[in-house]
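Visitor: Could you look at this predicted model? Sequence included:
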Amino acid sequence: MSAAILSAEQQMMDSRLPQIKLNQAFRVALGVGVWLLVTAIFAVAYTQSPLYEGNQNTKFLHGLAQAGRGYLSEDWLANTVDPLPVFSFLVYITALINENLFYLYYAIILGIYVFSVMGILAALYRKKWTLTRQVAFFIPFLIIHARWSIVRIEKLYDYNIEFLQNGVAGQYLLGIEFQNSVFGVFLLLSIYTFLKRMYYLAALLIGATCLMHSAYLFSGALMMLAYLLLIFWDNLQADKALKPPDARKIVSAARQPFLLGLFTTALVLPVIWHNQVYLSSTSAEASAAALDILVHQRIPHHAVPSVFWNTTANLQLGIMLMGLVLAYRWRRLFIILFTLFIGGASLSLVQILTNNDSLALMAPWRVSVLLVPLSVALIMAFIISGLIDLLGMSHPKFLLLLLPLALYVIINNVSGGINLNSLYGTSRRDRRLMQMMDIVKENKKSGEVYLIPPLDNYFDDFRLYTGAPIFINWKSHPYKDIEVLEWYKRNQLATQFYNANTIEKCERLRQLADVYHISHVVLKGKEPPLACDFASETIHVENFYVYKINP
């Protein structure tokens, strides 16, 4: 009798199994579909600048040169030590396939950003993180990230709210263009996977982030330290039979974090090796001089606390502290955030007290690019969850009240994002400048080197847009000390030429052409700005002139 019952139950289970698998597949497909929809909404609302602008002019150079874009392989800077070999390889492969994939990459990164933040909150609030709370959270979360809302709020109230998603010192996870720093989003995903106890995936994400950008080594190390401490403590508390813990139990508890630490070290070892072998100091004097140039002249807005610390930074500090207070109720997240905060604050204080340029270039305050957006998310979730409980809106029927508001916010920011994206290609690049660069792009030849105004960011896009090698510019710099010194020397020579009077211009241009084999010079002005017998005008588009230097 019992055997017959068991047989019948087994048959029922077997018959339900395909249905269970179907339900699981449906849930997975639904989840992926929702994520793709949210990713599309967020990515369009966030917007992207056209290729190639901003930091892409620096970060993409080596990869595009390797891919054979124009004659960039002949550019001096493209032949310096590549500080981002893995990212450059991604650029190289993508340029060979289809450069429009860069837009897709960033859309996916933005989707991972949303998924990570929402996932962390779901892991914290668990069953309380209902669909009503998720929709209520997503509305303000989208507003503080959407370009249309940011521009509109700044226009109406003369206040920029971008600090709510950025770190201090002008540093950020995201940005208006795809670049290597956006892979810091993987660190947020790492936190989420760690909270879900997927430890090796969390470590793998840290390693992947550091491979793309070594500036995240410090943040990644702090996160891994927190992970290892938490795993060790959890293992130690798993068996409470032995009190106090003996040596055997301590060794057993340390085994898992030790292996995880070795795994992570193996992942980041190639980055450390590359930096030590290719970017190590040539000499103490050259290193000190290069550090001084980079920290105090090229990037003081990122590297000198007395320059970047202002009212906004104080406000962001308050946000991070509030985030720590709110995270205290969740031990695992609190330890991670606390380790990041204390580690970053301690080394920042050391840098301020010692004025150490190496620490300044490392920028220990970069941990804020993780702490600020996470803290803002915790604050928003706390307020929204509290209001929903206070107003008694936990019932799913109240979701119907939020949907019209959510649709209104989404439609406005998506349509606004589309309109802004259509303007980027024209408003951010002057049409006359593009006409001049288009002519250069079509007529460039191997062996040519263009001298452009180094300090005028109007010309930052010239090199990548045209594919023509340039002498130098201030925007893009190398990292190897002796190469930094050469870069600085070239910038000084170029600046002296552009600041010289009419007679001196010709003399300086002749010297630059003889020593550095410059073939063309680009100038901007209302009147023909060059009268040298060895230079002839080849392009004239309104206020833009290009002169060819005759042999």
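Guide: Noted; the coordinates are in hand. Here the structure is a predicted model, which is why all the values come from computation and not from measurement.
Visitor: roughly how far apart are residue 187 and residue 108?
Guide: Distance check for residue 187 against residue 108: by CB to CB, to the nearest Å, it reads 16 Å. All C-beta atoms are positioned from the backbone trio N, CA, C, and that covers glycine.
Visitor: Neighbour count for the two, which is higher?
Guide: Taking other CB atoms under 10 Å, residue 187 and residue 108 do not tie; residue 187 has more neighbours (25 against 14).
Visitor: per-residue pLDDT, that one?
Guide: Residue 187 carries a pLDDT value of 98.
Visitor: Remind me what the helix or strand hosting residue 511 packs against, helices and strands.
Guide: Element membership of residue 511 [criterion: DSSP states H and E] is helix 502-516. With contacts defined as 3 or more CB pairs under 8 Å, 6 or more residues apart in numbering; DSSP states H and E, the packing partners of helix 502-516 are helix 481-499.
Visitor: Counting by contacts, list what the helix it packs on packs against.
Guide: On a contact count with 3+ CB pairs under 8 Å, 6+ apart, helix 481-499 meets helix 284-293, helix 502-516.
Visitor: Rounded mean pLDDT for that helix, please.
Guide: Helix 481-499 comes out with an average pLDDT of 96.
Visitor: Kindly export it (C-alpha atoms) in CSV.
Guide: The C-alpha trace of helix 481-499 is given here as CSV (Å, rounded to 0.1, in the frame of the first residue of the first chain):
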residue,chain,number,x,y,z
ASP,A,481,58.1,59.4,-15.6
ILE,A,482,60.6,60.2,-18.5
GLU,A,483,57.7,60.3,-20.9
VAL,A,484,55.8,62.7,-18.7
LEU,A,485,58.8,65.0,-18.8
GLU,A,486,59.0,64.8,-22.6
TRP,A,487,55.2,65.4,-22.8
TYR,A,488,55.6,68.5,-20.6
LYS,A,489,58.5,69.8,-22.6
ARG,A,490,56.6,69.4,-25.8
ASN,A,491,53.6,71.3,-24.3
GLN,A,492,55.9,74.1,-23.3
LEU,A,493,57.4,74.4,-26.8
ALA,A,494,54.0,74.3,-28.4
THR,A,495,52.6,77.0,-26.0
GLN,A,496,55.6,79.2,-26.6
PHE,A,497,54.9,79.1,-30.4
TYR,A,498,51.3,80.0,-30.0
ASN,A,499,52.1,82.8,-27.6
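Visitor: Which positions in that helix come out as buried?
Guide: Buried positions in helix 481-499, judged by neighbour count with 16 or more other CB atoms under 10 Å: 481-488, 490-491, 493-494, 497-498.
Visitor: what's the neighbour count on residue 419?
Guide: With other CB under 10 Å as criterion, residue 419 counts 12.
Visitor: State the distance from it to residue 199.
Guide: Using CB to CB, residue 419 is found at 44 Å from residue 199.
Visitor: can you check residue 219 too?
Guide: Separation of residue 219 from residue 199 (CB to CB): 18 Å.
Visitor: Likewise for residue 234?
Guide: Distance from residue 234 to residue 199, by CB to CB: 11 Å.
Visitor: For these two, indicate the residue with more neighbours.
Guide: Ranked by neighbour count (other CB under 10 Å), residue 234 and residue 199 place residue 199 first, with 19 against 15.
Visitor: and the buried residues of helix 481-499 as JSON lines, adding distance to residue 192?
Guide: Formatted as JSON lines, the buried residues of helix 481-499 follow (distance: CB to CB, whole Å):
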{"residue": "481", "distance to residue 192": "39"}
{"residue": "482", "distance to residue 192": "42"}
{"residue": "483", "distance to residue 192": "39"}
{"residue": "484", "distance to residue 192": "38"}
{"residue": "485", "distance to residue 192": "43"}
{"residue": "486", "distance to residue 192": "44"}
{"residue": "487", "distance to residue 192": "40"}
{"residue": "488", "distance to residue 192": "42"}
{"residue": "490", "distance to residue 192": "45"}
{"residue": "491", "distance to residue 192": "43"}
{"residue": "493", "distance to residue 192": "50"}
{"residue": "494", "distance to residue 192": "47"}
{"residue": "497", "distance to residue 192": "53"}
{"residue": "498", "distance to residue 192": "50"}
